[in-house]
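Chemist: Sequence and predicted structure are below.
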Amino acid sequence: MLCQAVRGLPREPEEIGPSPAVRMPNPFRAVSQQRELILRWVRLEPRKPFLGKSFICASLTRYCSVGCRFCFFKSPRAFRKKVPDDAFSADGVERLLRFIADANVGYLLISGGGDPLDERRHALRLIGEARADSIVIVTSGNWARSLPAAARYLDAIYRSFRSRSTPAHLTIRLSLDEFHGEALGLAPAQNLLQLFRERHRDDADFRFKIHTLLNDPLAEQFLRNGGFQRLGAAQIAGAGDECRSSIKISPRQEYYADGDGFRLCVNYAKLFLSDEYVDLYDRDSLDRRLRVFQRDLDESEHGNPARVHNLDNSLGLDFWISYNGAVTTWGNQMPDNRFSVYRDSYGDVVRKTFCDPASLAFLEWGVAYRDSVLGEVNPRAVLLARAVNIRDFVGDILFEDARDRLYFSIRALQDFLREGYVSPSALAGWPVELRRLVELDRKELCRLYRTSRSDIVRQALADGVGRDGLQRLRRRIGLGHFRVATGSMLLLDRALEP
């Protein structure tokens with residue numbers, strides 16, 4: 001399907017004509033009611049428990065004081081008073097700590113959105129209190145542009161780290177590439193490197209690491225100019241790593257040492273071509289975007305970004321917690337079944353994730369399964385989710401059309417029934433409407449999807465989307481993001497009339 005997609009838009013499934021006998025009302029004309037029926041009655045558990053160490057990426061703020069051109073999140077600078085959707089509140093950090101404590105965390109990544117160390121008070125509290133085996137703080141280093149400022153903040157970080165009641169490993173991971181170099185120069189890297197060499201060179205639990213991009217020469221040039229040499233394979237013992245419980249695969253990782261034996265790691269990442277308004281008709285750009293997405297999936301995600309593969313062969317859950325408190329297993333958002341650390345405990349999030357057949361199917365069977373099933377009716381959504389190149393929001397993009405959520409939920413539930421995830425007694429307790437829904441064969445289900453007279457435009461109008469949202473939708477339709485029914489554009493144009 002993807003090979004076909006890079007030559008142009010994916011071929012849509014053929015229209016299916018009306019059936020001479022319809023056994024039930026079309027469920028795709030009442031999507032929310034049908035999804036509510038599924039979420040209310042279905043109770044599922046994974047075949048293999050996710051009892052191993054988990055991974056959490058927590059974003060403290062959407063703001064960054066640097067504003068790099070390439071930014072994955074397009075993080076803005078903070079020019080206005082923050083609102084709850086912009087950053088964690090003190091209460092939110094309290095709830096985040098509670099969630100982390102319950103989640104059996106092997107690896108806690110405190111990251112963007114924006115620069116977490118711009119939220120000094122909250123960052124120090126997480127460093128001092130979060131129950132995790134390994135903690136990594138991602139930063140631009142904007143706070144370290146002068147040596148005295150870098151020393152003060154680093155000392156505060158170290159004091160907070162040493163005040164912990166539970167042991168952990170802490171890594172300060174500095175972003176150093178041509179984009180950050182353009183905005184900040186080399187001063188943050190020089191200052192932090194000097195401080196770690198002078199004050200923390202022998203501390204195995206408090207590390208400094210450089211994070212850069214593949215094919216970006218700045219980090220290597222910086223280290224070589226500072227007297228560092230790349231270590232060979234036989235020399236890297238003792239250099240340390242940021243995660244000691246789970247299998248985290250980077251495209252490339254190098255270790256360097258200076259003449260006095262101080263060692264540090266340089267981690268290389270792929271540059272995603274993130275763009276909410278990607279043009280699906282631009283074949284060259286589309287090809288590049290699909291390649292980087294697939295490469296990351298194959299090399300770093302084991303084909304499933306929502307799972308953690310631990311060194312002891314156990315499975316854990318991979319969470320992303322956004323600066324507004326939203327929490328999901330990675331890439332597994334369902335727009336009508338959202339969770340937040342402000343209202344949902346760790347146990348609530350796990351239970352509700354497992355009981356949603358769409359979410360559990362992704363955890364159990366991964367990206368290939370989800371893309372294949374949704375591709376039966378909407379391959380364009382699969383293409384779009386990859387081409388946007390923001391892996392964090394893949395679930396939101398895939399299931400933006402409510403019909404796609406319902407179709408995938410029904411198909412996944414049918415496969416769970418075939419695989420024996422639902423006991424006969426539980427099935428017998430389901431309402432007749434739900435049992436009839438999962439008895440539909442695939443051809444009939446596709447026919448009902450196609451003949452529902454619904455699309456993203458009618459959905460937006462029914463949901464009362466405002467003028468700005470409708471204008472964005474119109475732009476995205478022009479870029480090939482959605483296939484709309486006859487007459488829908490006329491409805492959209494009328495709604496946008498002054």
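Modeler: Great, that's in hand. Numbering: from 1, shown residues only.
Chemist: hey, let's count contacts and neighbours off CA atoms from now on
Modeler: Will do.
Chemist: In three-state terms, how would His309 be classified?
Modeler: strand (DSSP: H, G, I helix; E, B strand; the rest coil).
Chemist: OK, contacts around the residue nearest to it when sequence neighbours are not counted?
Modeler: Take His309 and drop its neighbours on the chain: the residue closest to it by C-alpha to C-alpha, 6 or more residues apart in numbering is Leu315, 5.2 Å away. Residues near Leu315 by C-alpha atoms under 8 Å, 6 or more residues apart in numbering: Pro49, Phe50, Leu51, Gly52, Lys53, Arg307, Val308, His309.
Chemist: Most neighbours among these, which one?
Modeler: Compared across those, Val308 has the highest neighbour count, 26 neighbours, by other C-alpha atoms under 10 Å.
Chemist: Which of the three states applies to the closest residue to that residue other than its chain neighbours?
Modeler: Spatially, and ignoring its direct neighbours in sequence, Val308 is nearest to Gly316 (4.7 Å; C-alpha to C-alpha, 6+ apart). Under the three-state scheme (three-state DSSP), Gly316 adopts strand.
Chemist: so where do the helices sit in the stretch 351-498 of the chain?
Modeler: Applying DSSP state H, counting those that start in this stretch to the stretch 351-498 of the chain gives helices spanning 357-374, 379-387, 394-398, 402-418, 424-428, 432-439, 442-450, 456-462, 467-478, 488-496.
Chemist: Rebuild these as JSON lines, extending it with distance to Arg98.
Modeler: Below are these laid out as JSON lines (distance: least, C-alpha to C-alpha, whole Å):
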{"stretch": "helix 357-374", "distance to Arg98": "23"}
{"stretch": "helix 379-387", "distance to Arg98": "32"}
{"stretch": "helix 394-398", "distance to Arg98": "26"}
{"stretch": "helix 402-418", "distance to Arg98": "31"}
{"stretch": "helix 424-428", "distance to Arg98": "33"}
{"stretch": "helix 432-439", "distance to Arg98": "36"}
{"stretch": "helix 442-450", "distance to Arg98": "42"}
{"stretch": "helix 456-462", "distance to Arg98": "36"}
{"stretch": "helix 467-478", "distance to Arg98": "35"}
{"stretch": "helix 488-496", "distance to Arg98": "45"}
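Chemist: Go through those and name the closest to Arg164.
Modeler: Ranking the helices of the stretch 351-498 of the chain by distance to Arg164, with C-alpha to C-alpha as the measure, places helix 357-374 first at 33.2 Å.
Chemist: tell me the mean pLDDT over the closest one?
Modeler: Taken as a whole, helix 357-374 has a mean pLDDT of 97.
Chemist: Which other helices and strands does it contact?
Modeler: Under the contact criterion of 3 or more C-alpha pairs under 8 Å, 6 or more residues apart in numbering; DSSP states H and E, helix 357-374 touches helix 346-355, helix 379-387, helix 402-418.
Chemist: Just give me the residue closest to the centre of this protein.
Modeler: Of all residues in the chain, the one closest to the mean position by C-alpha atoms, centre = their mean is Asp392, 2.3 Å from it.
Chemist: still on that earlier bit, quick one: the residue nearest to Val308 and Ile56 touch, right?
Modeler: No - counting by C-alpha atoms under 8 Å, Gly316 does not reach Ile56; the two are 10.5 Å apart.
Chemist: Neighbour count for the two, which is higher?
Modeler: A side-by-side neighbour count of Gly316 and Ile56, using other C-alpha under 10 Å, places Ile56 first with 26 against 23.
Chemist: Shouldn't Thr212 be within a helix?
Modeler: No - according to three-state DSSP, the state of Thr212 is strand, so it is not within a helix.
Chemist: Local confidence estimate at it?
Modeler: 95.
Chemist: Could you report the neighbour count for it?
Modeler: 27.
Chemist: Kindly report the same for Gly232.
Modeler: 10.
Chemist: mind checking pLDDT for it?
Modeler: The model's pLDDT for Gly232 equals 79.
Chemist: Residue ranges in the stretch 101-250 of the chain under the pLDDT threshold?
Modeler: Scanning the stretch 101-250 of the chain with the threshold set as pLDDT under 70 gives 233-249.
Chemist: Show me where it has its helices.
Modeler: Under DSSP H, counting those that start in this stretch, the stretch 101-250 of the chain gives helices at 120-129, 147-162, 178-184, 187-199, 218-225.
Chemist: Can you spell out which helices and strands pack onto the fourth one?
Modeler: Judged by 3+ C-alpha pairs under 8 Å, 6+ apart, the packing partners of helix 187-199 are helix 147-162, strand 206-213.
Chemist: Make sure Ser274 is actually in contact with Ala385.
Modeler: No - when contacts are counted by C-alpha under 8 Å, Ser274 is not listed as touching Ala385 (10.8 Å).
Chemist: Which one's more surrounded, those two?
Modeler: Between Ser274 and Ala385, counted using other C-alpha under 10 Å, the more crowded position is Ala385 (23 against 19).
Chemist: returning to that earlier point: dump the contacts of Leu315 into CSV; add distance to Asp401 and pLDDT as well.
Modeler: As requested, those are exported to CSV (distance: C-alpha to C-alpha, whole Å; pLDDT from 0 to 100):
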residue, distance to Asp401, pLDDT
Pro49, 31, 91
Phe50, 30, 95
Leu51, 33, 94
Gly52, 34, 96
Lys53, 34, 96
Arg307, 25, 94
Val308, 29, 94
His309, 31, 91
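Chemist: Return the closest of those with respect to Ser175.
Modeler: Nearest member of those to Ser175, counting by C-alpha to C-alpha, is Val308, at 24.1 Å.
Chemist: From Gln229, how far off is Asn449?
Modeler: In this structure residue 449 is Tyr, not Asn. 60 Å (C-alpha to C-alpha, to the nearest Å).
Chemist: ditto for Leu195
Modeler: Counting by C-alpha to C-alpha, the gap from Leu195 to Gln229 is 19 Å.
Chemist: What of Arg95?
Modeler: 44 Å.
Chemist: again with Glu129
Modeler: From Glu129 to Gln229 the distance is 36 Å (C-alpha to C-alpha).
Chemist: cool, and Gly395?
Modeler: On the measure of C-alpha to C-alpha, Gly395 and Gln229 end up 42 Å apart.
Chemist: Neighbour count: the two, which is higher?
Modeler: Legend: neighbour count by other C-alpha under 10 Å for Gly395 and Gln229, higher for Gly395 (21 against 16).
Chemist: Is the more buried one in contact with Gly331, as I believe?
Modeler: Yes - in this structure, Gly395 is within contact of Gly331 by C-alpha under 8 Å, at 5.1 Å.
Chemist: so what's the residue nearest to the centre of the chain closest to, chain neighbours aside?
Modeler: Asp392 sits nearest to Gly331 (C-alpha to C-alpha, 6+ apart), 5.3 Å away.
Chemist: That's all I had, so thanks and see you.
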